[in-house]
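Colleague: Fold the following, please.
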Amino acid sequence: MIATAGLSLEQAPPLNLPLRLFLTAPLFAIAAGVLLMLDADAVLATRWSPTALAATHLITVGFLGPVMIGALLQMLPVLGGVPLPVVRPVAISVHLLLGLGAGLLAAGFLGGGATALASGAMAAGLGFALFAIVMLVALGRACGGSANLHGFPLAGLALLITSGLGLLLTLALLGRVAVPRLLDWVQVHVAWGLFGWVGLLILTVSVQVVPLFHVTPAYPRWLTRALAPNLFLVLCALTTLPFLAPAVATLAGRVAQDALALGFALFALITLSLQVRRVRAQIDATLLHWWIAMGALLAAVLGWLLGTTTERIGVWLLIGVGVGLPSGMLLKIVPFLCWLHLQSHQIVLGKLRVRIPHMQRLLPNDPARVQVALHGAGLLLLSTGFVYPPAAHAGGALLALAALWLLGLLTLTTLRYRRALRALIDGAPATNPDTGSRQDAARADTVPWRGRGETPEDKCANDALSIASSTLPRQRESR
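Modeller: As a prediction, the model looks like this:
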């Protein structure tokens, strides 16, 4: 087995499987931004408007879903030692189903008719359910495991519940089944999707990637062991509300929602405190996205406690956290995976003297910061739209541009990876992917990529891998 600082590379799926999910996800964020640009007034007026529902599902199904699932395709085998069965057909099927589901759901909400809405719900539900079942089966087969991974099964269960509730609500909207207290079930569906699937998964993934990428202290053990299970129990309690008397349900719902808000606020505050104590002084684009997302999360919690409108809270959670945080993770995960796979190929080919491009070369920080600025400005203008409506249209345009910029960055990173891989396979020294400098290429052929030829970014990545190996379970050797 090829292992790098405790990472189980041999169990990782082919890189093209997560990349296909990562590269198409921004397309749906672009579409949501365009909807906001064209009809922001309807979105800010009520979350039940057709445009708001279409934009919400473009983000949750078309953008968030593929990004989260693409990350898990690599993270579970490499960091957790949990290989997913039949990973290629599952990844391809889920990718197609989520893309089809997001498009049809948006079309259905925007007037495309019952057939589009039902077909979209069926495709999205089947895609999410398929991945959740495969993930739960893989986790069930894993022997032992780290406490840091305990949140993954809970997130998978939350995804199954969210998908099932979504299908039920779609049938209710189409008049196929009768669902008493429909709005209460909509609230439960939103809670399981936003705080269960997305929230628990972000919490669990953060425990892995924040110390790894930002070289911070580890999260407190009590948080990694207790927070996700307790939040899951709160969501289970929230699910019983439609069966209670309305007066009791209102009071119990407020208590449960306050508990969820405070739990995620605690996570945000601890994350920010760890990032303040990071080893690296550099403020990169990913870190800026984390700060914006944690700030938006805290603003949403404060707004909830102060009784602000659900539309404002929805914008902060859906755009600030749901779009911003995955965007920041993509800016780090994609170059990291490309670098990691290049390193694996380098070891397999025995070409340790051929220098591979480091993460900063694969995705430079300056253009990535432009993407953060576009996203942050879009979020600010969209929030200002509640006071000055014309600003929201400009905010939607900037959010669409930020997603388009993200797509361009990820595409260029992939092209640089493929060029470096071809150079590695051919045995030729890899030229600088940004400048094409032959002088660096000539030096790379005689200086190993470790040691004398190691750049600060190489060292940072290797330091992160070393730190990860001390906190992540070492994988069992293949026989």
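Colleague: Now do stretch 352-359, average pLDDT.
Modeller: Stretch 352-359 carries an average pLDDT of 82.
Colleague: Quick check: end-to-end length of that stretch?
Modeller: Separation of the first and last residues of stretch 352-359 by Cα to Cα, to the nearest Å is 17 Å.
Colleague: Quick one: distance of that stretch to the chain centre.
Modeller: 28 Å (Cα atoms, centre = their mean, to the nearest Å).
Colleague: so where do the strands sit in the stretch 201-350 of the chain?
Modeller: Remark: no strands are assigned in the stretch 201-350 of the chain by DSSP state E, counting those that start in this stretch.
Colleague: now it, which segments are flagged as low pLDDT?
Modeller: Of all residues in the stretch 201-350 of the chain, none has pLDDT under 70.
Colleague: all helices in it, in order from the N-terminus.
Modeller: Remark: helices assigned in the stretch 201-350 of the chain by DSSP state H, counting those that start in this stretch are 221-222, 228-239, 246-276, 285-306, 310-315, 324-349.
Colleague: Now do Gly307: how many residues are near it, please.
Modeller: Using other Cβ atoms under 10 Å, Gly307 has 6 neighbouring residues. To be clear about C-beta, it is placed using only N, CA and C from the backbone, and glycine gets the same treatment.
Colleague: same thing with Ala172?
Modeller: When counting by other Cβ under 10 Å, one arrives at 16 neighbours for Ala172.
Colleague: that older thread, nearest to Ala31, out of the helices of the stretch 201-350 of the chain?
Modeller: In terms of Cβ to Cβ, the element of the helices of the stretch 201-350 of the chain nearest to Ala31 is helix 324-349, at 15.2 Å.
Colleague: about what we covered before: quick one, which of the helices of the stretch 201-350 of the chain gets closest to Ala391.
Modeller: helix 310-315 (12.3 Å).
Colleague: For the closest one, what is the distance to the chain centroid?
Modeller: How far helix 310-315 lies from its chain's middle: 20 Å, per Cα atoms, centre = their mean.
Colleague: Mind giving me the packing neighbours of it?
Modeller: Helix 310-315 is packed against helix 16-45, helix 285-306, helix 365-384, with contacts defined by 3 or more Cβ pairs under 8 Å, 6 or more residues apart in numbering; DSSP states H and E.
Colleague: could I get those helices as CSV with mean neighbour count and distance to Gly196?
Modeller: CSV is the format used below for these (neighbours: other Cβ atoms under 10 Å; distance: least, Cβ to Cβ, whole Å):
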stretch, mean neighbour count, distance to Gly196
helix 16-45, 22, 20
helix 285-306, 21, 16
helix 365-384, 20, 24
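Colleague: export those to TSV and tack on distance to Ile161?
Modeller: What follows is those, written out as TSV (distance: least, Cβ to Cβ, whole Å):
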stretch	distance to Ile161
helix 16-45	22
helix 285-306	22
helix 365-384	29
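Colleague: Any idea which of those helices gets closest to Ala132?
Modeller: For these, distance to Ala132 was read as Cβ to Cβ. The smallest value, 15.4 Å, belongs to helix 16-45.
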